Structure formats: structure tokens, C-alpha cells
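# Sequence and computational prediction follow.
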Amino acid sequence: MTTKIENFNKTQLREDIPDIRPGDTVRVFQKIKEKDKERIQAFEGIVLARKHGKGISATITVRKVISGIGVEKVFPIHSPSIEKMEITKRSKVRRAKLYYLRTAKGKKAKLKRKDFVATTAQKAEKPKIVAEKPTDVSASKEPKTKKEATTEKPEDI
């Protein structure tokens with residue numbers, strides 16, 4: 001039997017959250033209220049950990065380095081103050097918690113890039129540019145150097 005609290009929590013869960021994992025580089029857009037104005041601030045960094053499962057209390061820890069100083073923020077995933085979250089890169093990791101990145105420097109702090117399939121919204125922003133190949137290869141070939149241009153013989157017809 002479900003309680004009133006569980007029913008209320010189910011109504012507060014967000015559906016627009018992407019599948020965020022440790023090692024992802026994410027951009028979190030957070031609503032910030034200053035006096036009577038409200039603005040949206042972006043925070044982009046690497047996800048170190050995801051905690052508390054998939055429920056209403058789920059959080060992610062995001063870390064970025066600003067002018068040599070590491071800054072970490074813990075974001076409640078289902079919070080109404082979070083406008084949206086975007087995954088920009090996905091890295092291959094073998095740990096669930098990447099706390100070792102706090103002390104790692106240089107090459108040790110670099111994560112291997114993993115192939116990432118963007119969502120449909122991100123695909124629409126970045127269209128692929130495909131170069132067309134010429135159909136007639138002999139017509140499109142031009143001499144590359146002076147020597148090649150002088151050594152070519154005219155064809156007799």
C-alpha cells in the first residue's frame with residue numbers, strides 16, 4: 001500500500017532528465033533568484049558521483065576547475081530549481097565514484113573519450129556537412145606542381 005508521501009513524491013519526479021553517469025561532462029542550468037529577479041546560471045563540469053538511486057532524493061556531484069581551483073556542486077536531480085541538464089561529452093570510466101580526480105593532476109586527470117550519441121535536440125543543432133564527390137575523376141584532376149604540368153603530353157584525337 002502506498003502512502004501519501006510516496007504518491008506526492010511520484011508527482012514531483014521529472015521526466016526530462018537524461019541518463020547521467022559518472023564521467024559525463026554535463027552542463028546544468030540552474031535558476032538563481034536575486035532579490036526580485038530570476039536568472040539562469042550554467043555550471044559545466046565532470047560528474048564525479050551519482051548518489052541516492054533514481055528516486056526523489058537522487059543527486060549528482062559535478063566538478064570543474066576554475067583558474068586552478070576545483071569547484072564542486074551537488075545538484076538534486078529532481079529539483080525545481082534545475083531548468084535543464086545537457087550531456088556534452090561522455091567518457092569511459094571503470095569506477096562508480098571518481099573522487100580520485102580531486103587529487104589527480106595532468107595526464108592522470110584526463111579521461112578517455114567514449115562515443116556518444118546525442119539526443120535529437122542536440123542533433124538538430126549540429127547538422128552534418130557532407131562533401132560531394134565529383135563524378136568524373138579525370139575531368140576534376142588538375143596538375144599539382146609545375147613539373148607535372150610540363151610533363152603532361154597532349155592527347156591526339
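Okay, I see it. All figures in this text were calculated on a predicted structure; none of them were measured in a lab.
# biggest strand in the chain by residues?
In the chain, taking DSSP state E as the definition, the longest strand is strand 37-51.
# Tell me the neighbouring strands of the next helix or strand after that strand, and mark each as parallel or antiparallel.
For strand 37-51, the following helix or strand on the C-terminal side (DSSP states H and E) is strand 59-66. Paired with strand 59-66 in the same sheet, following DSSP bridges, are strand 37-51 (antiparallel), strand 69-76 (antiparallel).
# if you compare those strands, which one is most tucked away?
Most buried of those by mean neighbour count (mean count of other CB atoms under 10 Å) is strand 37-51; its value is a mean of 15. C-beta: built from backbone N, CA, C; applies to glycine.
# returning to what we had before: what's the closest of the strands paired with strand 59-66 to Thr103?
Nearest of these to Thr103, taken as CB to CB: strand 69-76 at 9.6 Å.
# List of residues touching the closest one?
With contacts defined as CB atoms under 8 Å, 6 or more residues apart in numbering, strand 69-76 is touched by 28, 30, 43, 45, 48, 57-65, 82, 102.
# In a markdown table, list the strands paired with strand 59-66 along with mean pLDDT.
Shown next, in a markdown table, are the strands paired with strand 59-66 (pLDDT from 0 to 100):
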| stretch | mean pLDDT |
| --- | --- |
| strand 37-51 | 96 |
| strand 69-76 | 96 |
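# out of the ones you listed, nearest to Leu13?
Of the strands paired with strand 59-66, nearest to Leu13 by CB to CB is strand 69-76, at 11.7 Å.
# Toward the C-terminus, what is the element adjacent to that closest one?
strand 82-89.
# For that next one, buried residues please.
82, 85-87 (16 or more other CB atoms under 10 Å).
# Which of those residues lies at the shortest distance from Lys4?
Of the buried residues of strand 82-89, the one sitting nearest to Lys4 (CB to CB) turns out to be Ile82, at 24.9 Å.
# Test my guess that Val62 contacts Asp24.
No: using CB atoms under 8 Å as the test, Val62 is too far from Asp24 to be in contact (9.3 Å).
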